[in-house]
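Student: Pasting the sequence and the predicted model now:
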Amino acid sequence: MIMRKKVFLTRTLHDFALKELKKKYQVEVHTGKIPIPQTKLRSKIKDADGLICFPYDVINKETIDLAQNLKVISTYSVGFDHIDTEYAKEKKIRVGYTPEVLTDATADLAFSLLLDVLRRVSEGDRIIRDGMWKVIYGAHDYVGVDLQGKTLGVLGLGRIGMTLAKRAKAFDMKIIYHNRKPISKSKERSLGVKYVSFERLISQSDVISIHVPHTSETEKMFNMKTFKKMKKKSFLINTSRGKVVNEKDLVTALKRGIISGAGLDVFEKEPIGKSHPLVKLQNVVLAPHVGSSTKETRVKMAQITVKNLNLGMNGKKPIYSVGY
Ligand code: DGY
């Protein structure tokens, strides 16, 4: 009897995806505590040929070292900062991820947070639900900020940053950006964006939207020093990774009016609870890490995750592959 290859999932996926996997492999899905405890992940990875994981599952060197048969790690995310991709490459383990299909959804969410925090939509909703809307239509009531004519600073003008820039353009915002390397002049012209240094980006923007991955270079790059260089009336939007921002400093900056507000989909440690200091602030819009969470996008991500896994299981490069 031919033994089927083993695939382990650290959490369930769509039925169609599981069905497809079960046609080919011996599939096991973790159903307990989320994230899967490291001890369980480590025991399961030992004899797995393929692993499907999520952006909070830490797949480090020690975990990879336990894997005897692992051919591919397929993450249900565009981010792969939870995986030691360098070490996986050394061990000739393929790593697949899911960019492109979630670009629009994530840019939409970033723009929603931007609109919401500038126009105080969620705050107004809270005011009504809490029974605090007592007096009709005053000249100074719940005033927000116009988007038109304001400068949006995009940190990391990749796929998502560019898509956000297009959204912002339609609202007549000016767009500046900072990347490690500027994009081509013709692309800059067609998008209507201007390259600036990081220092200029933070000092000239009315809204900054973060679209860089979490790496040792970007870790906590938004801290009190950064906030103090930003305009007092500016806003910070983060849909990338929470660890790019020093959250403690952000809370202080928001409390003291060093910056005006923030729209956040990601946090240093997720999920955050009711007692988190950010929850107490009115000038913040919070989302539970849902950048890519639309029905259509999540289905496409599952399709890519399975395709990436299948390719890796057959010794081929995933459609979207990191490193090897
Ligand atoms: C990703 O794909 O990395 C996102 O953070 C999930 O929404």
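Tutor: That came through, no problem.

Student: Domain parsing of this protein, as residue ranges.
Tutor: Split into domains by automatic domain parsing, the chain comes to 6-100+296-313, 102-286.

Student: May I see the ones you listed organised as CSV, with distance to Tyr324 and mean neighbour count added?
Tutor: (Each C-beta comes from the backbone N, C-alpha and C, glycine too.) Listed next are the domains of the chain as CSV, based on distance: least, Cβ to Cβ, whole Å; neighbours: other Cβ atoms under 10 Å:
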stretch, distance to Tyr324, mean neighbour count
domain 6-100+296-313, 4, 19
domain 102-286, 18, 17
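
Student: Ok, which of those domains comes nearest Gly323?
Tutor: domain 6-100+296-313 (3.8 Å; Cβ to Cβ).

Student: Say whether the ligand is contacted by that closest one.
Tutor: Yes - judged by Cβ under 6 Å from any ligand atom, domain 6-100+296-313 comes into contact with the ligand through 55, 77-79.

Student: Go through those residues and flag which are in helices.
Tutor: When DSSP state H is applied, the residues of domain 6-100+296-313 next to the ligand are split such that none fall in helices.

Student: will you turn those into TSV that also has pLDDT?
Tutor: Formatted as TSV, the residues of domain 6-100+296-313 next to the ligand follow (pLDDT from 0 to 100):
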residue	pLDDT
Pro55	97
Ser77	98
Val78	97
Gly79	97
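
Student: what's the farthest-apart pair in the residues you listed?
Tutor: Longest span within the residues of domain 6-100+296-313 next to the ligand, Cβ to Cβ: Pro55 and Val78, 8.5 Å.

Student: And the contacts of whatever helix or strand Ala302 lives in?
Tutor: Taking DSSP states H and E as the criterion, Ala302 maps to helix 295-313. With contacts defined as Cβ atoms under 8 Å, 6 or more residues apart in numbering, helix 295-313 is touched by 5, 7, 13-14, 16-17, 20-21, 24-25, 49-50, 52, 71-77, 93-94, 96-98, 101-102, 104-105, 292, 317-321.

Student: Swap in 6 Å and give it another go.
Tutor: Residues outside helix 295-313 that contact it (Cβ atoms under 6 Å, 6 or more residues apart in numbering) are 13-14, 17, 20, 50, 52, 71-72, 74, 76, 94, 96, 98, 101-102, 105, 318-319.

Student: Same question for stretch 70-78.
Tutor: 48-55, 93-99, 102, 301, 305, 308-309, 312-313.

Student: Please apply the same query to stretch 219-227.
Tutor: Taking Cβ under 6 Å, 6+ apart as the rule, stretch 219-227 contacts 202, 243-246, 249, 253, 258-259.

Student: Over to stretch 32-43?
Tutor: 10, 30, 56-57, 63, 66.

Student: Same list (the residues you listed) but as CSV, adding pLDDT.
Tutor: Shown next, in CSV, are the contacts of stretch 32-43 (pLDDT from 0 to 100):
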residue, pLDDT
Thr10, 98
His30, 98
Tyr56, 97
Asp57, 98
Thr63, 98
Leu66, 98
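
Student: Contact residues of the stretch 101-250 of the chain facing the ligand?
Tutor: Residues of the stretch 101-250 of the chain that fall close to the ligand, judged by Cβ under 6 Å from any ligand atom: Leu102.

Student: Next, the distance between the ends of stretch 135-143.
Tutor: Counting by Cα to Cα, to the nearest Å, you get 14 Å between the two ends of stretch 135-143.

Student: Let's test this: mean pLDDT of it, rounded?
Tutor: Mean pLDDT, stretch 135-143: 95.

Student: Could you measure from Lys280 over to Ala262?
Tutor: Lys280 is 13 Å from Ala262, where distance means Cβ to Cβ, to the nearest Å.

Student: what's the answer for Asn308, then?
Tutor: For Asn308, the distance to Ala262 - Cβ to Cβ - is 33 Å.

Student: Name the residue closest to the centre of this protein, please.
Tutor: Closest to where the C-alpha atoms of the chain average out (Cα atoms, centre = their mean) is Ser240, at 3.4 Å.

Student: show me what contacts the nearest residue to it once chain neighbours are set aside?
Tutor: Spatially, and ignoring its direct neighbours in sequence, Ser240 is nearest to Ile210 (4.9 Å; Cβ to Cβ, 6 or more residues apart in numbering). Neighbouring residues of Ile210 by Cβ under 6 Å, 6+ apart: 155, 238, 240, 244.

Student: I'd like those laid out as JSON lines, including secondary structure and pLDDT.
Tutor: Formatted as JSON lines, these follow (DSSP: H, G, I helix; E, B strand; the rest coil; pLDDT from 0 to 100):
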{"residue": "Leu155", "secondary structure": "strand", "pLDDT": "98"}
{"residue": "Asn238", "secondary structure": "strand", "pLDDT": "99"}
{"residue": "Ser240", "secondary structure": "coil", "pLDDT": "98"}
{"residue": "Val244", "secondary structure": "helix", "pLDDT": "98"}
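
Student: now, among those residues, which is nearest to the ligand?
Tutor: Nearest to the ligand among the contacts of Ile210 is Ser240, at 7.6 Å by Cβ to the nearest ligand atom.
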